[in-house]
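[1] Provided below for reference: sequence and predicted model.
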Amino acid sequence: MVIANLISYILVLTGALNWGLYGIFNFNLVSTIFAGPRTIGAIIVYSLIALAAIWLIISPIITNGALKLMGHREVRDERA
């Protein structure tokens, strides 16, 4: 689940960057990379970004409010 959360964050940040570039400079990064907004590559990237956003919405619901970005760390007792 930690890996899914990290990948989702990266994809959602990529989508946010794309929207920011589009809103400020009228430059669509994904369209530029894939040579058009409706090419199969761009559609796949847009779909993955949407699925990542949905995952980040439902992940805390599944885990009772915790969105884990790091694996479980073992706490060692130094008193012994």
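    Received the coordinates, thanks.
[2] Quick check: which ranges of the protein have low pLDDT?
    71-80 (pLDDT under 70).
[3] for it, what spans make up the helices?
    For the chain, the helices defined by DSSP state H cover 2-25, 29-33, 40-62.
[4] quick one, the last one and helix 2-25 angle?
    Read it as helix 40-62. Interaxial angle, helix 40-62 versus helix 2-25 (axes from the mean of the first three to the mean of the last three C-alpha atoms, to 10 degrees): 120 degrees.
[5] Contacts for helix 40-62, please.
    1, 4-5, 7-9, 11-12, 14-15, 30-31, 33-34, 36, 66-67 (C-beta atoms under 8 Å, 6 or more residues apart in numbering). C-betas here are computed from N, CA, C, even on glycine.
[6] which of the residues you listed count as buried?
    Neighbour-count burial (16 or more other C-beta atoms under 10 Å) applied to the contacts of helix 40-62 gives 5, 8, 11-12, 14-15, 30-31, 34.
[7] now these in TSV, with distance to I57?
    Shown next, in TSV, are the buried ones among the contacts of helix 40-62 (distance: C-beta to C-beta, whole Å):
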residue	distance to I57
N5	12
S8	10
L11	13
V12	10
T14	17
G15	14
V30	21
S31	25
F34	26
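[8] Of the helices of the chain, which stretch is the most buried?
    Of all the helices of the chain, helix 29-33 has the most neighbours on average by mean count of other C-beta atoms under 10 Å, namely a mean of 16.
[9] in the buried ones among the contacts of helix 40-62, which two residues are the furthest apart from each other?
    Checked with C-beta to C-beta, these reach their widest spread between N5 and S31, with 27.3 Å between them.
[10] okay, now K68: neighbour count?
    Using other C-beta atoms under 10 Å as the criterion, K68 is surrounded by 14 other residues.
[11] Now do the same contact list for it.
    Counted by C-beta under 8 Å, 6+ apart, K68 has contacts 1-2, 5.
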